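S.K.: could you work out the structure for the sequence below:
(one chain, ligands or ions: 1)
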Amino acid sequence: MNDEVDSHARHAAIPSLSTRGWHMNNNVSVVRGTTPKFDVDELRRGYTDEGFCVIPELFPSELVAEAAAAAEAVAEGRTDTGMQPRIREREAGNGSQRLIKIAEPHNASRALRALITSPEPWRAIAAVTGARMLQVWAVDLFIKRPVSTGHANIGWHQDGPYATYWKGDIFTVWIALSEVSTDSSPLRYVPGSHRLGPVGKADLFHTDLDLAGAGLALPTGFTWTEVAAEVPAGGIAMHHRDTLHASGPNLSSQSRISLAVRIRTDRCELLSEARQVAHLTDGELAPVVYDRTSETDHAKA
Ligand SMILES: O=C(O)CCC(=O)C(=O)O
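M.R.: Numbers count the residues shown, from 1 in each chain. So this is what the prediction gives:
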């Protein structure tokens, strides 16, 4: 079957989170400060029951615009810190790169560091997860150029099997630096898949989403459904370490730019050293972005 037609067909069939009734509610559990008002209980329920949730308006727009420009600069090899990212991975094949994946892009950019340490969003995220402490332990930049085929797809996978050195509560906050609609390669989630536990270390660069999905060790009786998470620039989609997710082609005319910020909470433990966490004690590269103890102390002062 033609790649392009196939991906269009699958794409159209997937419900999008924003059209499935996610709504703002100003009456319940309002988070303080400049964080937009939203229903924390509803988000927590989504995150706990389905393994993911979306907050459409979270990071400050001026920092997001600067971060989007900085992401392109880092992709071109520029740095304003004197440091370089940890690793640049590329899609299979020798053609022009339609998927750019860069680990630790914030090593090379003050604007990316400023974005991920913006405090208010993390208060909201802590409220959703119930965590007392949040620390950034890794960041991945994804840029997807417009492409009508599946060559820049990200295959079905869970994040947990890539980070077995962590035991316990880690999760991903995926920040949209550009508008992410159903056309521009939204993350696709399989609701409830986080309850399955690890189902194997799938290949991120496996671009055939049908085959990749079929290759996973899913228990009989598990019902596979997919939801596409539309996220405006500055909003987030966040997912549990075992939530199955993937993304299809960017059918829009703009590059789709996002940062996947990997977070650990007070409810997890480092089991072994790994190069991904070599910088864990560096407060600039692995900042603690939320700490309830210091927040309480600050409030008392
Ligand atoms: O941005 C994407 O398409 C993939 C992101 C992802 O797989 C992740 O954040 O774990």
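S.K.: helix, strand, or coil at residue 44?
M.R.: Per DSSP: H, G, I helix; E, B strand; the rest coil, the secondary structure class of residue 44 is helix.
S.K.: burial check on it, number of neighbours?
M.R.: If you count neighbours by other Cβ atoms under 10 Å, residue 44 ends up with 16. Just so you know, the C-beta spots here come from the backbone N, C-alpha and C atoms, and that holds for glycine as well.
S.K.: around the ligand, pick out the residues from the protein.
M.R.: 142, 154, 159, 172, 174, 187, 245, 247, 258, 260 (Cβ under 6 Å from any ligand atom).
S.K.: of those residues, the lowest pLDDT goes to which?
M.R.: The member of the residues of the chain next to the ligand with the lowest pLDDT is residue 154, at 92.
S.K.: name the nearest residue to residue 84, sequence neighbours excluded.
M.R.: Nearest residue to residue 84, sequence neighbours excluded (Cβ to Cβ, 6 or more residues apart in numbering): residue 108, at 5.6 Å.
S.K.: how near is the one you found to residue 74?
M.R.: 5 Å (Cβ to Cβ, to the nearest Å).
S.K.: equivalent analysis for residue 218, please.
M.R.: Distance from residue 218 to residue 74, by Cβ to Cβ: 37 Å.
S.K.: residue contacts, the residue of the stretch 101-250 of the chain found nearest the ligand?
M.R.: Residue nearest to the ligand within the stretch 101-250 of the chain (Cβ to the nearest ligand atom): residue 247, separated by 3.3 Å. Applying Cβ atoms under 8 Å, 6 or more residues apart in numbering to residue 247 gives the contacts 144, 153, 154, 185, 186, 187, 188.
S.K.: so what pairs up with it in the strands?
M.R.: In this structure, residue 247 has the following beta-bridge partners (DSSP bridges): residue 154, residue 187.
S.K.: give me the most central residue, this protein.
M.R.: A centroid search over the chain (Cα atoms, centre = their mean) returns residue 174, at 2.3 Å, as the residue closest to the centre.
S.K.: does that one lie in a helix or a strand, and which?
M.R.: Using DSSP states H and E, residue 174 sits within strand 166-176.
S.K.: check contacts around residue 145.
M.R.: With contacts defined as Cβ under 8 Å, 6+ apart, the neighbours of residue 145 are 97, 98, 99, 100, 152, 250, 255.
S.K.: tell me, how many residues neighbour residue 203?
M.R.: Residues lying near residue 203 (other Cβ under 10 Å) number 12.
S.K.: surely it and residue 157 touch.
M.R.: Yes. The pair residue 203 and residue 157 qualifies as a contact (Cβ atoms under 8 Å) at a distance of 7.3 Å.
S.K.: re the thing from before, give me the more crowded residue out of residue 218 and residue 74.
M.R.: residue 74 (26 against 17).
S.K.: any idea how far residue 113 is from that one?
M.R.: Between residue 74 and residue 113 the distance is 11 Å, computed by Cβ to Cβ.
S.K.: output the below-cut-off pLDDT ranges for this protein.
M.R.: 1-37, 90-95, 212-214, 293-301 (pLDDT under 70).
S.K.: can you show me the strands along it?
M.R.: For the chain, the strands defined by DSSP state E cover 52-55, 87-90, 99-103, 133-144, 154-157, 166-176, 187-189, 227-229, 236-240, 245-247, 256-270, 288-291.
S.K.: now residue 134, which residues is it bridged with?
M.R.: Under the criterion DSSP bridges, residue 134 forms beta bridges with residue 265, residue 290.
S.K.: you'd agree residue 143 is up against residue 254?
M.R.: No. Under the contact definition of Cβ under 8 Å, residue 143 does not touch residue 254, with a separation of 10.8 Å.
S.K.: neighbour count for the two, which is higher?
M.R.: Taking residue 143 and residue 254 together and counting by other Cβ under 10 Å, residue 143 has the greater number of neighbours (24 against 14).
S.K.: beta-bridge partners for that one, please?
M.R.: Partner residues in beta bridges with residue 143, using DSSP bridges, are residue 100, residue 257.
S.K.: list the contacts of it.
M.R.: By Cβ under 8 Å, 6+ apart, the contact set of residue 143 is 71, 72, 75, 99, 100, 255, 256, 257.
S.K.: okay, residue 129 and residue 73: tell me how far apart.
M.R.: Taken as Cβ to Cβ, the span from residue 129 to residue 73 is 32 Å.
S.K.: for the longest helix anywhere in the chain, buried residues please.
M.R.: Of all the elements of type helix in the chain, the one with the most residues (DSSP state H) is helix 61-75. Neighbour counts over helix 61-75 (16 or more other Cβ atoms under 10 Å) mark 63, 64, 65, 66, 67, 68, 70, 71, 73, 74, 75 as buried.
S.K.: okay, angle between it and strand 99-103 too, please.
M.R.: Using axes from the mean of the first three to the mean of the last three Cα atoms, to 10 degrees, one finds that helix 61-75 and strand 99-103 are set 100 degrees apart in direction.
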